[in-house]
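Asks: here are the coordinates; sequence isn't available:
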């Protein structure tokens, strides 16, 4: 009589996948606003800047001020990991807390958070009541910093000045970050203004990694991997320098795990992980494109 997969093992694997996903998170997720998303399209609504006016005299007639309403479209995107699991795989691997199946499923979905946010950073956005207007990154106010000659202390000062001139990152509740790869990390470790006690009293380096530079949290990503988060195009990379207010992620479906029997295959179950999210740049002034040489 053919053997069957022990359901206790299947249940344990499902719980393990969720546990791993809870322990790991995307690197950009903490620097974005998360909103529950209903339907195929989500409207992100923002408000522009308004200034207070001084009035003098008595019984002054009321005058209305104007404030800009900024509506932007978020379209949901569906992602899936679909793995066939043979009974021998279940019996031999899924009880292992370090299961490669669990790691692969969880990490693949967590990387999608970063990839979706990265795609939204410099993409055109659809605005207006019915999303009838297309706004490019440049028109939206996204500034480009040319660091192709190297990511130096002076380039960090340029990024910081761009933010300060636009009143970004000045408040305590707002964080600024910069994505980097190993190349940029090496460049910054060579900048004495960031590493020498003669210039700074902040402990920006921890266990050989530089964590922060000029108030910018440094978010590292791998470069020499398949399908990197930061793509290389024509020997150049486009890094993101942004505020924690710069991105909104709409979540239509949190990551779910299903394990189904596949009677059409011998002793095989199917592990299916699904997630639906979308993202949009909330305001061009909150995002900068930093171009470096790969």
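Replies: Done, it's in. All values reported here derive from a predicted model rather than from experimental measurement.

Asks: same for whichever strand or helix holds residue 276, what does it pack against?
Replies: Element membership for residue 276 (DSSP states H and E) is strand 268-281. Here strand 268-281 touches helix 7-23, strand 69-75, strand 77-86, helix 87-93, helix 100-121, strand 247-261, going by 3 or more CB pairs under 8 Å, 6 or more residues apart in numbering; DSSP states H and E. (Glycine included, C-beta is placed from N, CA and C.)

Asks: what's downstream of that strand, the next helix or strand?
Replies: strand 287-293.

Asks: which secondary structure elements does that following strand contact?
Replies: Counting by 3+ CB pairs under 8 Å, 6+ apart, strand 287-293 packs on strand 143-147, helix 153-165, strand 236-243.

Asks: and it, average pLDDT?
Replies: The average pLDDT for strand 287-293 rounds to 97.

Asks: give the buried residues for that strand.
Replies: For strand 287-293, a neighbour-count test (16 or more other CB atoms under 10 Å) marks 287-290, 292 as buried.

Asks: listing partners with orientation, what would you give for it?
Replies: strand 143-147 (parallel), strand 236-243 (antiparallel) (DSSP bridges).

Asks: hmm, who's touching it?
Replies: For strand 287-293, contacts defined as CB atoms under 8 Å, 6 or more residues apart in numbering pick out 121-122, 137, 142-151, 155, 159, 162-163, 178, 183-184, 235-243, 246-247, 281.

Asks: quick one: buried ones out of those?
Replies: 121-122, 137, 142-143, 145, 147, 151, 155, 159, 162-163, 178, 184, 237-243, 246-247, 281.

Asks: nearest residue to residue 241 other than its sequence neighbours?
Replies: residue 288 (4.1 Å; CB to CB, 6 or more residues apart in numbering).

Asks: can you give me the buried ones in the strand holding residue 276?
Replies: By neighbour count on 16+ other CB under 10 Å, the buried set for strand 268-281 is 268-269, 271, 273-281.

Asks: ditto for stretch 217-224
Replies: Buried residues in stretch 217-224 (16+ other CB under 10 Å): 218-221, 223.

Asks: who's in contact with stretch 134-143?
Replies: Defining contact as CB under 8 Å, 6+ apart, one finds that stretch 134-143 is touched by 121-127, 144, 162, 166, 281, 283-285, 287-289.
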